[in-house]
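In: return atomic coordinates for the entry below.
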Amino acid sequence: MAASGNAYKVALFLALANADWEPVVVDYFGGETRGDAWRDNLNEMGEIPVLEHAGLKISQSGVILDYLAEQTGKFGARDAQEKRDIWRWILFDNHKFTSYYATLRFMVGLQKSGETPVTQFLRERVLGAYRIVDKHLAGAAFLVGERLTIADLSLAGYVYLPEETGIDMAEFPHIAVWKERISDMPGWRHPHDLMPGRKALDRAP
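Out: Prediction:
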């Protein structure tokens, strides 16, 4: 679905890898992932994305990215140290960089919650995580090994989505350059162009 940065992580990998793939629309805002059919047949955690490949159904974007890197030989680790570094950034992304930002963006940008103690709390956590990444990128073109890896694709999940969060992204110039570096790659497409379900945003809470 076009609103999901976590789904975009996987879709972007497939696009940049020039893979043969097909997106499937999920009616998240209509409750599809919360129904028994979804949880019993696709993902018991009630989340997207789910990758179906070779008889497998794989969930959690970080695990899917790792699987795709293994299957395609692209954007993965070249040695054990790189693998550790990649997973260090993916776990940081899932726990902080994407986690706090995605929740803030949903509340402020989609749910239109206005300012609350919760949004203030989340925004401070987002700023802290973004400052860490911006400082790292001040001395590196990409997060690991000076080339695009699944670590970058994981952190890139929400950075191109347009909804308001109340954060001035001008504070993070190195993230801005990193975003441009990724978007200049052959095959890159904006999440709203790459994934189906753009109209579902009109029904978002």
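
In: so where's this structure uncertain?
Out: For the chain, the stretches with pLDDT under 70 are 197-205.

In: center of it, which residue is that?
Out: Nearest to the mean C-alpha position of the chain, counting by CA atoms, centre = their mean, stands G157 at 2.3 Å.

In: gap between the lengthiest helix in the chain and the chain center?
Out: Counting by DSSP state H, the longest helix found in the chain is helix 117-137. A distance of 16 Å separates the centroid of the chain from that of helix 117-137, by CA atoms, centre = their mean, to the nearest Å.

In: I'd like to know how many residues surround G73.
Out: Counted with other CB atoms under 10 Å, the neighbours of G73 add up to 9. Just so you know, the C-beta spots here come from the backbone N, C-alpha and C atoms, and that holds for glycine as well.

In: ditto for the one 5 residues further on
Out: Neighbour count of R78, defined by other CB under 10 Å: 11.

In: Three-state assignment for it, please.
Out: Classification of R78 by DSSP: H, G, I helix; E, B strand; the rest coil places it in coil.

In: surely it is in contact with V144?
Out: No. The pair R78 / V144 is not scored as a contact, 9.6 Å apart, by CB atoms under 8 Å.

In: and V50, what are its phi and psi?
Out: Dihedral pair for V50: phi -130, psi 130, per degrees, to the nearest 10.

In: what about the strands in this structure?
Out: For the chain, the strands defined by DSSP state E occupy 50-53, 56-59.

In: so which of the ones you listed is the most surrounded?
Out: Ranked by mean neighbour count under mean count of other CB atoms under 10 Å, these are led by strand 50-53, which reaches a mean of 16.
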